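A.B. asks: Have a look at this prediction, sequence included:
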Amino acid sequence: MKAKHQRLWLVVGALTALGGAGVLAFSTLGEKATYFYAPSDLATGPAPTDAIRLGGMVEKGSIQRDGETIRFVVTDMAKTVPVTYTGILPDLFREGQGVIAEGRIDPATGTFTAETILAKHDEKYMPPEVAGAMKKTGAVTAGN
Amino acid sequence: MHRYANPTRFLKIARVVTPIVALLGLALTAAGLWIGLFASPPDYQQGESVRIMYVHVPAAWLGAGGYMSLAIASATALIWRHPLATIAARAIAPAGAAFTAICLISGSLWGKPTWGTYWVWDARLTSMLVLLFLYLGYLALSASEAEKGGEARASSILALVGVINLPIIKYSVEWWNTLHQGSSISVVNASSKIAPELLTPLLLSVAGFSFLFAAIVLMRMRAMLAQSRVDARSRRMAEALA
């Protein structure tokens, strides 16, 4: 076997081993690397007492303003969690749009008190006229 | 393949190809950015800040694609010991690092008005930052190896190990919940969730950035080959004088 073939197999073998190690590491890492929980994730098991991030859609028609405080419902189309927040909202925070709230869930009432609100953007990009036309034909729901 | 690994032959071809690639890159980038920044509609949700995409997306693709080519060049250098492969790898690394940095900075500037934050530690943003650190590590290691005049063995191995980060970047938005949105463009299905008015300037600037990247790499390779000739000549002259 020529030296360069030996080196080729060495590199291929090392990369295969590395890939295997990566797969093992990721199967262990799993959910720990997730940035936020969906309402369905919180519905299974006891409510976490630590600060967590909750992500989902702002349910349509759920926003209630009470001075500086805002109440809304986060949904993942299966489960919902009511959220209260006091402070400045990002521009893209609106009904039907993705949102990530950082804060704690009250185990007694199930209400999530947010300390930070981030708007999540989806992967669809289009001019306003197109979005307007599609909304009329029902191809796109508002803010989706 | 071996024919083109000859530095003299490479220089002959590169001298002709470099200006063509550079001009193509400049023209396509100018067209893409002109349409993207001035002559295309805003987005229905983001408004004008969607225009950051025309810089951010090509920079991201070339940061990751550049790393793939760095790894291929490093594997070639390790296995076949082609002298040009090490030079190619060393030429690619700073360009890839620069595009990755542009991606991170432009993304951060887009994040503030859109998400409400410059930075979060989600899987996509973190893995992209790791890519920048891989480039910087490679640059530091290969600079010290080049100084010693030895083979680029340790830096080539580092480049290969870092490849594992590329699928993590690509699939981070599918494997985990992230603040970063999922992919808008699928090469496999040839489909896109971007309206044609916004997609055209994006693809133009992706093509332009790619040619610019190639031109930077070719220019750096030619400069490095010229430098090694100068070094060899001055060594010979010093020996003749001694």
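C.D. replies: Good, I have the coordinates.
A.B. asks: A:Ile100: neighbour count?
C.D. replies: The number of residues packed near A:Ile100 is 26, by other C-beta atoms under 10 Å in any protein chain shown. Every residue, glycine included, has its C-beta placed from N, CA and C.
A.B. asks: Check the secondary structure at it for me.
C.D. replies: strand (DSSP: H, G, I helix; E, B strand; the rest coil).
A.B. asks: all strands of chain B, in order?
C.D. replies: Under the criterion DSSP state E, chain B carries strands at the ranges B:185-186, B:191-192.
A.B. asks: possible to save those as JSON lines with mean pLDDT?
C.D. replies: Compiled in JSON lines, these are given as follows (pLDDT from 0 to 100):
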{"stretch": "strand B:185-186", "mean pLDDT": "84"}
{"stretch": "strand B:191-192", "mean pLDDT": "82"}
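A.B. asks: okay if I get the ones you listed as TSV plus mean neighbour count?
C.D. replies: Listed next are the strands of chain B as TSV, based on neighbours: other C-beta atoms under 10 Å in any protein chain shown:
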stretch	mean neighbour count
strand B:185-186	14
strand B:191-192	14
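A.B. asks: Same list, those, but as JSON lines with distance to A:Glu102 please.
C.D. replies: Putting those into JSON lines (distance: least, C-beta to C-beta, whole Å) gives the following:
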{"stretch": "strand B:185-186", "distance to A:Glu102": "30"}
{"stretch": "strand B:191-192", "distance to A:Glu102": "32"}
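A.B. asks: Arrange those in a markdown table, one row each, with distance to chain A as further columns.
C.D. replies: A markdown table is the format used below for these (distance: least, C-beta to the nearest C-beta, whole Å):
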| stretch | distance to chain A |
| --- | --- |
| strand B:185-186 | 9 |
| strand B:191-192 | 9 |
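A.B. asks: A:Gly98 versus the residue in chain A that chain B sits nearest to, what's the distance?
C.D. replies: Here the residue of chain A nearest chain B is A:Pro90; by C-beta to the nearest C-beta that distance is 3.0 Å. A:Pro90 is 11 Å from A:Gly98, where distance means C-beta to C-beta, to the nearest Å.
A.B. asks: go on, B:Glu147?
C.D. replies: Using C-beta to C-beta, B:Glu147 is found at 50 Å from A:Gly98.
A.B. asks: Between those two, which has more neighbouring residues?
C.D. replies: Remark: of B:Glu147 and A:Gly98, A:Gly98 carries more neighbours, 21 against 8, as counted by other C-beta under 10 Å.
A.B. asks: Residues in a beta bridge with the more buried one, which ones?
C.D. replies: For A:Gly98, the beta-bridge partners are A:Met57, A:Lys120 (DSSP bridges).
A.B. asks: if I pick it, what's in contact with it?
C.D. replies: Shown in contact with A:Gly98 (C-beta atoms under 8 Å, 6 or more residues apart in numbering or on different chains): A:Gly55, A:Gly56, A:Met57, A:Val58, A:Ala119, A:Lys120, A:His121, A:Asp122.
A.B. asks: Can you pull out the low-pLDDT segments for chain B?
C.D. replies: Filtered on pLDDT under 70, chain B yields the residue ranges B:1-4.
A.B. asks: Now it against chain A: closest residue?
C.D. replies: Of all residues in chain B, B:Gly116 sits closest to chain A, at 3.0 Å by C-beta to the nearest C-beta.
A.B. asks: helix/strand/coil for the residue nearest to that residue when sequence neighbours are not counted?
C.D. replies: Spatial nearest neighbour of B:Gly116, excluding adjacent residues (C-beta to C-beta, 6 or more residues apart in numbering or on different chains): A:Pro90 at 3.0 Å. Secondary structure, three-state DSSP: A:Pro90 is coil.
A.B. asks: For A:Pro90, grab phi and psi.
C.D. replies: phi -70, psi 160 (degrees, to the nearest 10).
A.B. asks: Was I right to think it contacts B:Ser49?
C.D. replies: No. In this structure, A:Pro90 is not within contact of B:Ser49 by C-beta atoms under 8 Å, at 11.8 Å.
A.B. asks: Overlap of the contact sets of the two?
C.D. replies: Between them, A:Pro90 and B:Ser49 share the contacting residues B:Pro113, B:Thr114, judged by C-beta under 8 Å, 6+ apart.
A.B. asks: quick check: longest helix of chain A.
C.D. replies: Longest helix in chain A by number of residues (criterion: DSSP state H): helix A:3-29.
A.B. asks: just checking, what packs against it?
C.D. replies: With contacts taken as 3 or more C-beta pairs under 8 Å, 6 or more residues apart in numbering or on different chains; DSSP states H and E, helix A:3-29 sits against helix B:53-80, helix B:153-161.
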